[in-house]
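**Q** please work out how this folds:
(one chain, ligands or ions: 1)
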Amino acid sequence: MQLENTCEQNIHPSVIASAYGLTKSFAGKKALDNIDLEIKSGQVFAILGANGAGKTTLINIFLGRLNADQGDVSVFGVRPGSLQAKRQSGAMLQVANLPETLKIKEHIQLFQSYYPHPMDYQKVINYAGLQHMQNRYSKKLSGGEKQRLLFALSICGNPKLLFLDEPSVGMDVEARQGLWQGIRDLRAAGTGIVLTTHYLEEADNLADNIVLLKQGAIIRQGSSDDIKASISHTIIRFSSDKKLQEFEQLPAVINVKKSGKFIQLQTENVNQTLPPLLSANPNLQNLSVSSAGLEEAFLQLNNSGGE
Ligand SMILES: Nc1ncnc2c1ncn2[C@@H]1O[C@H](COP(=O)(O)OP(=O)(O)OP(=O)(O)O)[C@@H](O)[C@H]1O
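**A** Numbers count the residues shown, from 1 in each chain. Sure, this is the predicted structure:
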């Protein structure tokens, strides 16, 4: 399904929000340190980082909820938080207080009334997977259902720029798939989407561009493939009843994990690890060798500071 976005179709992505030299401190401690980034129309921009890395602070500055200490920040060429920026933006934040006395459909209709060109009601409902609970009061929603409602409210205004701060937390598989479909359709209609998530699979699936934040600084930026390629690790997976310690000493191994009956080795050099592994375990079952994914890249870059 394609959205009838009232904005023009963006065949060529253009910069719709930017930050240059952005710095923000709380009580003398830097939460964001000299950030340069550009958010483009028709692209998903994922901000990744450990707890406290600065993701929410960055979003709050783009929304005008916080002021930068230094740097130039603009949204649609104007000051973040100005009416012109707000009318074209939507946001799903981690903290939201919703009046409990309204039904889902009343929440959506209320939010639609705030915008000059709201999204069609039925589309909002479909994207958010709320078809069967339109008459439910928000106080009766489960955590995941409340997330669906917050996503619905974030897209009510047919935004050209959408901020989603950990949107899929608490969502079940079906709701998450609906969210992902909504994100893809909005992107196809030209919306620029800023996404923070701790689910790296989500960023891997959706993001055109990723920034990796550590203690407020950007330590890596690029596509998911660029970031994966910036580490040269390989994953060796097999099933074994042996203890993890038996594999930790193998050459070039930098991490060992156990999941059920499977052991997963992360190695810097598969040619050095595999021969001794096979000679010590000639009957290794379910062996597979694959490139490291975004999660391994994230962990390594985050632990090494991206050097
Ligand atoms: N209002 C505030 N007052 C003081 N310190 C703050 C405030 N907001 C954020 N911080 C600090 O700024 C840093 C960045 O916080 P932020 O919430 O942006 O991180 P985050 O990457 O969104 O984390 P998480 O993944 O846990 O949501 C943290 O050290 C946090 O404690």
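**Q** how many neighbouring residues does Thr197 have?
**A** Using other C-beta atoms under 10 Å, Thr197 is surrounded by 20 other residues. C-beta here means a position set from N, CA and C on the backbone, and glycine is covered the same way.
**Q** quick one, what contacts it?
**A** Neighbouring residues of Thr197 by C-beta atoms under 8 Å, 6 or more residues apart in numbering: Ala46, Leu48, Glu166, Pro167, Ser168, Ala203.
**Q** mind checking what secondary structure the fourth one has?
**A** Assigned with DSSP: H, G, I helix; E, B strand; the rest coil, Pro167 falls in the coil class.
**Q** buried residues, the lowest-mean-pLDDT helix or strand in the chain. List them.
**A** Least confident element among the helices and strands of the chain, by mean pLDDT, DSSP states H and E: helix 294-304 (a mean of 84). Neighbour-count burial for helix 294-304 flags Leu294, Glu296, Ala297, Phe298, Leu299, Gln300, Leu301, Asn302 (criterion: 16 or more other C-beta atoms under 10 Å).
**Q** between the residues you listed, which sits nearest the ligand?
**A** Asn302 (11.9 Å; C-beta to the nearest ligand atom).
**Q** got the contact list for the residue lying closest to Glu268 once chain neighbours are set aside?
**A** Of all residues beyond its chain neighbours, the one nearest Glu268 is Ala252 (4.7 Å), with distances taken as C-beta to C-beta, 6 or more residues apart in numbering. By C-beta under 8 Å, 6+ apart, the residues touching Ala252 are Thr267, Glu268, Asn269, Val270, Gln272, Thr273.
**Q** and the fifth one, that's in a strand?
**A** It stands for Gln272. No. Counting by three-state DSSP, Gln272 is located in no strand; its state is helix.
**Q** I'd say it and Ile254 touch.
**A** No. Taking contacts as C-beta atoms under 8 Å, Gln272 lies outside contact range of Ile254: 11.6 Å.
**Q** quick one, domains of the chain?
**A** As given by automatic domain parsing, the domain ranges for the chain are 15-228, 232-291.
**Q** now do the shortest one, average pLDDT.
**A** Pointing back at domain 232-291 there. Across domain 232-291, the average pLDDT comes to 90.
**Q** near the ligand, which residues of the stretch 51-200 of the chain are found?
**A** Contact residues (C-beta under 6 Å from any ligand atom) of the stretch 51-200 of the chain with the ligand: Asn51, Gly52, Ala53, Gly54, Lys55, Thr56, Thr57.
**Q** identify each buried residue in the strand or helix carrying Ile16, please.
**A** Element membership of Ile16, judged by DSSP states H and E, is strand 15-26. Neighbour counts using 16+ other C-beta under 10 Å place Ile16, Ala17, Ser18, Ala19, Leu22, Thr23, Lys24 of strand 15-26 among the buried residues.
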